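Engineer: Sequence and predicted structure below; questions after.
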Amino acid sequence: MLSVAVEKQLGDFNLAISFTSDGLVTGLFGNSGAGKTSIVNMIAGLTKPDRGRISLDGDVLDDSASGLHVSPHRRRIGYVFQDARLFPHLSVQQNLDYGRRMNGLGHDAPAEKHTIDLLDIGHLLDRRPAQLSGGERQRVALGRALLAKPRLLLLDEPLGSLDEERKAEILPYFIRLRDDASVPMVFVSHDAGEMRRLATNVVMLKRGKVVASGGVEVLPHVI
């Protein structure tokens, strides 16, 4: 279970949110400026809350009362950004290996094959990122994150930089990953259609506050 109850002052913007989730895909939904990326950055450990507590499966990651802040590399949380952030000088295979090696993990051939098959990227392994479409780059970034064996995967608007054709191409892979149930996810989006198709529960945000939460049925009822 993911539990987040934090406050953070970011210039003139005050973020004060609280939610818990044990769903397969927790959707953070809201317009630009609602605080979605700030929340995932705190979950990842890239930003420290001013006040509050974050825990994952019973392990406390942040606790302002005790001064605890677990560093990002010790959280075992994967992060896929809107831009894939692949290393341009490395092949797809080398990019896939990077997260595993940086986390000191041995080669797990069955897990690698499962991930490559799940994301349908086996035919791309010898290519460089510049030779990939936007959707292919995101699938490789997702594979790299998965092979680091995270206990939670953060997806910060992973479809946001793609055109409609590429979104239609890649969304089924995210759905396949959800149904594979190998790792829980936090999915950030301002697109209600994406959220309805992928999320199993939704946290609605507006100006740094939670305005509704529940199943995807909350989406049509809050602006």
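Structural biologist: In hand now; what should we look at?
Engineer: mind checking how far the helix or strand of the chain with the lowest mean pLDDT is from the chain centre?
Structural biologist: Taking mean pLDDT, DSSP states H and E as the measure, the helix or strand of the chain with the lowest value is helix 164-180, at a mean of 86. Offset of helix 164-180 from its chain centre (CA atoms, centre = their mean, to the nearest Å): 14 Å.
Engineer: Any chance you could list what contacts it?
Structural biologist: Residues outside helix 164-180 that contact it (CB atoms under 8 Å, 6 or more residues apart in numbering) are 24-25, 118-120, 133-135, 138-139, 142, 146, 155, 158-159, 162, 183, 185, 187, 194, 197-198, 200. All C-beta atoms are positioned from the backbone trio N, CA, C, and that covers glycine.
Engineer: and residue 139, how far is that from residue 123?
Structural biologist: The gap separating residue 139 from residue 123 is 11 Å, by CB to CB, to the nearest Å.
Engineer: Neighbour count: these two, which is higher?
Structural biologist: residue 139 (26 against 10; other CB atoms under 10 Å).
Engineer: Let me know the secondary structure of residue 9.
Structural biologist: Secondary structure state of residue 9, per DSSP: H, G, I helix; E, B strand; the rest coil, is strand.
Engineer: Could you check the pLDDT of the spatially closest residue to it that is not a sequence neighbour?
Structural biologist: Closest residue to residue 9 apart from its sequence neighbours, by CB to CB, 6 or more residues apart in numbering: residue 50 at 5.9 Å. pLDDT for residue 50: 97.
Engineer: Residue 64 is in contact with residue 50, correct?
Structural biologist: Yes. With contact defined as CB atoms under 8 Å, residue 50 counts as touching residue 64 (7.0 Å).
Engineer: Run a quick neighbour tally on the residue nearest to residue 9.
Structural biologist: The number of residues packed near residue 50 is 14, by other CB under 10 Å.
Engineer: Many thanks, have a good one.
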